[in-house]
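>>> The amino acid sequence is not available; the structure is as follows:
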């Protein structure tokens, strides 16, 4: 019989660099997860993703065991990396921070494809283009 999930946590943690500090401690502690064990396991499993923000879904079961699911880096972070920028525009309609080519857009869409609700790369590209526009990034062919 399958274990019953009692709580689901969605966290964004730097890959291979989790620390039992103010961000993780209270969240994991209130869910009954041993923080030291979680940090050790997370860092071991994401050591190859250093420098990335790793969206993590933690499913907590009745017996206080848990399952970790790792997603791909957020689309906004991938867009900023492609542009070499620190952050997007606060006023996306008037201040543009850069331009993304169709090739860059397609590469980002292919990376994110597993986490997006899209049937093909073209649909995924449209989703990524929307994210880029909301950040003040133009998309040019």
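Structure received. Since this is a predicted model, take the numbers as computed values, not measurements.
>>> only C-alpha atoms for contact and neighbour calcs from this point on.
Noted.
>>> counting contacts, what elements does the lengthiest helix in the chain pack onto?
Scanning the chain for the helix with the most residues, using DSSP state H, yields helix 121-134. For helix 121-134, the contact count by 3 or more CA pairs under 8 Å, 6 or more residues apart in numbering; DSSP states H and E identifies helix 75-83, helix 102-112, strand 137-140 as packing neighbours.
>>> now what about the shortest one, what contacts it?
Which is strand 137-140. Here strand 137-140 makes contact (CA atoms under 8 Å, 6 or more residues apart in numbering) with 88-89, 92, 96-102, 105, 129, 132-133.
>>> Strand partners (parallel or antiparallel) of that strand?
Paired neighbours of strand 137-140 in the sheet (DSSP bridges): strand 98-101 (parallel).
>>> hmm, back to that, redo the helices and strands packed on helix 121-134 as a markdown table? Include mean pLDDT.
Converted to a markdown table, the helices and strands packed on helix 121-134 look like this (pLDDT from 0 to 100):
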| stretch | mean pLDDT |
| --- | --- |
| helix 75-83 | 91 |
| helix 102-112 | 92 |
| strand 137-140 | 88 |
